[in-house]
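> only the shape, not the letters, is given here:
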C-alpha cells in the first residue's frame, strides 16, 4: 500500500532536484564566464524556467513542478539580488 506513495515522493524529489541543479548550473556558468555578473540575463533565465515549470504543471497536473517553480523563483531571485547588490 505504501509502495506507490514512496515512488511518488521519489519522483517529486527528482523533479525538484533537477530543477535546482539547472538553476545552480546556469547561475554559476554566468558568473564564471563573465568578469561582471550579468544579473539581467540570470533573471530572464529564472523567469523562463519558472514559466516552463508552470506550463508543465498545468498540462501534467503535477504538484512537483508547481513546488519547483516556487523554489526556483524564491531561491533564484534571492541569489540574483544577493550577488548583484
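Great, that's in hand. It should be emphasised that the depicted structure is a prediction, and the values quoted were computed from it without experimental measurement.
> Provide a list of residues in contact with the nearest residue to residue 38 once chain neighbours are set aside.
Closest residue in space to residue 38, ignoring its immediate chain neighbours: residue 30 at 6.0 Å, by Cβ to Cβ, 6 or more residues apart in numbering. C-beta coordinates here come from the backbone N, C-alpha and C atoms, glycine included. Applying Cβ atoms under 8 Å, 6 or more residues apart in numbering to residue 30 gives the contacts 37, 38, 41, 42, 45.
> what subset of these is buried?
For these, a neighbour count by 16 or more other Cβ atoms under 10 Å gives the buried set as 42, 45.
> output the contacts of residue 30 in JSON lines, with distance to residue 18 appended to each entry.
Formatted as JSON lines, those follow (distance: Cβ to Cβ, whole Å):
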{"residue": "37", "distance to residue 18": "24"}
{"residue": "38", "distance to residue 18": "24"}
{"residue": "41", "distance to residue 18": "21"}
{"residue": "42", "distance to residue 18": "19"}
{"residue": "45", "distance to residue 18": "15"}
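> got the contact list for residue 79?
Contacts of residue 79 (Cβ under 8 Å, 6+ apart): residue 27.
> ok, so what distance separates it from residue 60?
Separation of residue 79 from residue 60 (Cβ to Cβ, to the nearest Å): 27 Å.
> do the same with residue 15
In terms of Cβ to Cβ, residue 15 sits 10 Å off from residue 60.
> for residue 24, same thing?
Residue 24 is 24 Å from residue 60, by Cβ to Cβ.
> between the two, which is the more surrounded one?
Between residue 24 and residue 60, counted using other Cβ atoms under 10 Å, residue 24 has the larger neighbour count: 13 against 10.
> so how far is residue 16 from the residue nearest the centre of the chain?
Nearest to the geometric centre of the chain sits residue 72, at 3.5 Å (Cα atoms, centre = their mean). Between residue 72 and residue 16 the computed distance is 9 Å (Cβ to Cβ).
> next one: residue 78
Applying Cβ to Cβ, the value for residue 78 to residue 16 is 17 Å.
> in the chain, which spans are helices?
With DSSP state H as the criterion, the chain has helices at 3-33, 39-60, 63-84.
> appreciated, that's everything.
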